[in-house]
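In: This is a predicted model, with the sequence first.
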Amino acid sequence: MSLTTTVRKMFHAVGGLSRRSKLLLVWDVFMVWVAIINLWMIVFDLSYLWLRPQYVTYLPVVASVYDPVKGIEPHPLTEALMNEIHVTAALIDEAPPPWVINEHRNNLVELSYRVVHENAFARSGQARILGIISEALAKNLGVTGGTLYDPIVLREACDAFWPHDPDDLATTISSIDPRVIRGLGLNYYRTFNIDGHLTDHFWILDLPFLILFWIEFTARWILAIKRKTYSRWFFFPIFNWYDVLGLIPVAVFRPFRLLRAVSMYMRLKRSELSNVGKDVFTRTVLYFSNIITEEVSDRVALRILSEFHQEIEDGTHTAITRSVIEPRRTEIEDVLVAQLRQTLTDPRTIEHLRSLVQLNLENAVEESEALRAVPIPNIVLKPAVKAIGEVILDTTLETVSGTLDSAEGEAAAREVADAILDDVFYGPGLAQMESLIREITLQVLDHMMDVVNVKKWALPDGQQKRPPMPWEPGALDLADPEPDAEPEGSTDPEVPDNS
């Protein structure tokens, strides 16, 4: 899509918006650009000291404007030493009286001594330059660098480094390491404010943005309360914690304002007038992030499934189940007894039993040989059998119901529940049932591990995303392929991607 077409579609979409939607769109675009500018300023401020040598070399106007913001001033010792080197070199070319050269030479000795002794590069982080100077002084004197910690040795080294002869002094000046000259020019000194902290006036530049962000955050909070976006009024700052941290007017929390990029991205992505989230860069990042997420989640899932597989093979699940259920056996028995009492005394259950017995009593005379042998006509026998059966049923049900309400009945029901639990946990079929359950569970875990092991992101779009399960079509073909079978995916039906 060309830029002209994109712009045309954007203006067409804007033209179809209501006045309120247009105002909201203008406000969103304005806040996005304000946030972008503020983020750029924060990144610039955070990286300024690190990139200052490049600014001084290639963009000196940037350093001259921003140095006062950070309280940066040329270091008086290194600046004086560099100026003295240039002045002395220029005087030697003019051939002044020896006492003039000697005076400047003494200044070089004194300034060199103070630069090394006071560590003039400590504030600017250029310890490497101090190391080069110390190495040159120690090498010229014929001692090691560690001996320069002695002020007497250091002064001797500085005095020996700058010769008295004008020609030798000119040679020494011309042979100074260019890195030292550049380091002297880049060295600086940061002032302190009244609180004893390093001077930093960035808060003055950041204050208008901070006020605007506070206004915008408060407006969004009020709108969220009116629209009942969250169930509680104080949930808004919790869900927007990154904005809250960035709004704290403390330099330590200032880097958290970089997280506003997340809010900006989501706001632009939700806008129909923005291509954010649909561009090549975003789709590429999303593609690789999905790969990384899938690989990490697959490794975690495989680890969990493998440990579960091992526990099932060792029979640990049985011991865990028994250790959990046995202490609660009495409670389980109480539940079973209560369920038995409720079932046997429930009017609906009694009515179902009565209907079932009545149905069987009607056919009892024809189906029972003992009743057919009774020398009584069926017209008399059938009503008698039915009436006697109903009486016996009602008597039995009333007896059972009354017995269950007594202490003896409850004890009998508890014995029945105890027998049921013994059969479930220690009965003869327990071993066979556990073996069957173990085999089924292990087989399910094996198939789940096979599915997880498939690298879905590496498969072609048209290829199935996982191997078929044993009960799915194509499983037998994959397990025992014929010699002239076609490649996988050409004959087997596609399995939908459920990942």
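Out: Everything's here; your move. Model, not experiment: these values are computed from the prediction.
In: Run a quick neighbour tally on P347.
Out: When counting by other Cβ atoms under 10 Å, one arrives at 7 neighbours for P347. Any C-beta I mention is one placed from the backbone N, CA and C, and that applies to glycine too.
In: Stretch 211-229: which residues count as buried?
Out: F213, E216, F217, R220, W221, A224 (16 or more other Cβ atoms under 10 Å).
In: so the residue nearest to A127 when sequence neighbours are not counted, which of the three states?
Out: Spatial nearest neighbour of A127, excluding adjacent residues (Cβ to Cβ, 6 or more residues apart in numbering): F121 at 6.1 Å. Following DSSP: H, G, I helix; E, B strand; the rest coil, the label given to F121 is coil.
In: can you tell me which residue is nearest the centre of the chain?
Out: By Cα atoms, centre = their mean, the chain has its centre lying nearest to T293, at 10.5 Å.
In: does that residue sit in a helix or strand, and which one?
Out: Assigning secondary structure by DSSP states H and E places T293 in helix 280-314.
In: A413 now?
Out: helix 407-426.
In: So which elements touch that helix?
Out: For helix 407-426, the packing partners by 3 or more Cβ pairs under 8 Å, 6 or more residues apart in numbering; DSSP states H and E come out as helix 329-345, helix 378-404.
In: lowest average confidence, helix or strand, in the protein?
Out: One helix or strand of the chain scores below all others by mean pLDDT, DSSP states H and E: helix 475-479, with a mean of 47.
In: that older thread, let me have the helices and strands packed on helix 407-426 in a markdown table, adding distance to I312 and mean neighbour count as columns.
Out: Shown next, in a markdown table, are those (distance: least, Cβ to Cβ, whole Å; neighbours: other Cβ atoms under 10 Å):
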| stretch | distance to I312 | mean neighbour count |
| --- | --- | --- |
| helix 329-345 | 24 | 14 |
| helix 378-404 | 41 | 13 |
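In: so R254 sits right up against V43, yeah?
Out: No - applying Cβ atoms under 8 Å, one finds R254 not in contact with V43, separated by 10.9 Å.
In: So the two - more neighbours on which side?
Out: R254 (19 against 12).
In: ranges for the strands of the stretch 101-250 of the chain?
Out: Secondary structure of the stretch 101-250 of the chain (DSSP state E, counting those that start in this stretch): strands at 188-190.
In: returning to what we had before: only C-alpha atoms, please: export the helix holding A413 in PDB.
Out: What follows is helix 407-426, C-alpha atoms only, in PDB (Å, rounded to 0.1, in the frame of the first residue of the first chain):
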ATOM      1  CA  ALA A 407     -28.700 -46.400  67.100                       C
ATOM      2  CA  GLU A 408     -28.600 -50.100  66.000                       C
ATOM      3  CA  GLY A 409     -29.600 -49.200  62.500                       C
ATOM      4  CA  GLU A 410     -26.900 -46.500  62.300                       C
ATOM      5  CA  ALA A 411     -24.300 -49.000  63.500                       C
ATOM      6  CA  ALA A 412     -25.400 -51.400  60.800                       C
ATOM      7  CA  ALA A 413     -25.300 -48.800  58.100                       C
ATOM      8  CA  ARG A 414     -21.800 -47.800  59.300                       C
ATOM      9  CA  GLU A 415     -20.700 -51.500  59.000                       C
ATOM     10  CA  VAL A 416     -22.000 -51.500  55.500                       C
ATOM     11  CA  ALA A 417     -20.100 -48.300  54.700                       C
ATOM     12  CA  ASP A 418     -16.900 -49.600  56.300                       C
ATOM     13  CA  ALA A 419     -17.200 -52.800  54.200                       C
ATOM     14  CA  ILE A 420     -17.600 -50.700  51.100                       C
ATOM     15  CA  LEU A 421     -14.500 -48.700  51.900                       C
ATOM     16  CA  ASP A 422     -12.500 -51.900  52.700                       C
ATOM     17  CA  ASP A 423     -13.400 -53.300  49.300                       C
ATOM     18  CA  VAL A 424     -12.500 -50.100  47.500                       C
ATOM     19  CA  PHE A 425      -9.100 -49.600  49.200                       C
ATOM     20  CA  TYR A 426      -8.000 -53.200  50.100                       C
END
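In: residues in contact with whichever strand or helix holds I85?
Out: Per DSSP H and E: I85 is located in helix 76-94. Residues outside helix 76-94 that contact it (Cβ atoms under 8 Å, 6 or more residues apart in numbering) are 100-101, 104-105, 107-108, 111-112, 114-115, 118, 120-121, 166, 169-170, 173-174, 176, 181, 183-185, 187, 189.
In: Restricted to helices, list those.
Out: When DSSP state H defines the helices, the subset of the contacts of helix 76-94 inside them is 100-101, 104-105, 107-108, 111-112, 114-115, 166, 169-170, 173-174, 181, 183-185.
In: burial count for the residue nearest to A127?
Out: 24.
In: residues touching it, list them.
Out: T78, A127, I129, L130, G183, N187.
In: Just the element for the closest residue to F209 other than its chain neighbours, please.
Out: Nearest residue to F209, sequence neighbours excluded (Cβ to Cβ, 6+ apart): N38, at 4.4 Å. Element membership of N38 [criterion: DSSP H and E] is helix 19-58.
In: From the contact counts, what lies against the helix or strand that that helix is followed by?
Out: Following helix 19-58 in sequence order, the next helix or strand is helix 60-66 (DSSP H and E). Contact partners of helix 60-66 among helices and strands, from 3+ Cβ pairs under 8 Å, 6+ apart: helix 19-58.
In: Buried residues in the helix it packs on, which are they?
Out: Result for helix 19-58 [16+ other Cβ under 10 Å]: buried residues 25, 28, 31-32, 34-35, 38-39, 42, 45, 48, 52-53, 55-56.
In: What of stretch 301-319?
Out: Residues of stretch 301-319 classed as buried: L305, F308, H309, I312, H317 (neighbour count, 16+ other Cβ under 10 Å).
In: OK, contacts around the residue nearest to G246 when sequence neighbours are not counted?
Out: Among residues not flanking G246 along the chain, R257 sits closest, at 3.5 Å (Cβ to Cβ, 6+ apart). Neighbour list for R257: N38, L39, I42, L245, G246 [criterion: Cβ under 8 Å, 6+ apart].
In: Closest one to L154 out of the residues you listed, please.
Out: L154 lies nearest to I42 out of the contacts of R257, by Cβ to Cβ, at 42.4 Å.
In: distance of the closest one from L286?
Out: I42 sits 26 Å away from L286, going by Cβ to Cβ, to the nearest Å.
In: pLDDT weak spots in the protein?
Out: Scanning the chain for pLDDT under 70 picks out the ranges 1-17, 264, 266-279, 281, 317, 359, 361-382, 401-405, 424-431, 457-499.
In: what residues go with each domain of it?
Out: Annotated domains of the chain cover 3-47+201-270, 72-190, 323-427 [automatic domain parsing].
In: got the buried residues for stretch 442-451?
Out: Those buried within stretch 442-451 under the rule 16+ other Cβ under 10 Å are L445, M449, V451.
In: hey, C-alpha coordinates of it in CSV?
Out: Output in CSV follows, covering the C-alpha atoms of stretch 442-451 (Å, rounded to 0.1, in the frame of the first residue of the first chain):
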residue,chain,number,x,y,z
LEU,A,442,0.9,-43.4,31.5
GLN,A,443,-0.4,-43.8,27.9
VAL,A,444,-2.2,-40.5,28.2
LEU,A,445,1.0,-38.8,29.5
ASP,A,446,3.1,-40.3,26.7
HIS,A,447,0.7,-39.0,24.1
MET,A,448,0.7,-35.6,25.7
MET,A,449,4.5,-35.5,25.7
ASP,A,450,4.5,-36.4,22.0
VAL,A,451,2.1,-33.5,21.3
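In: Renumber starting at 55 from here on
Out: In the new count, where the first residue is 55, that last one comes out as stretch 496-505.
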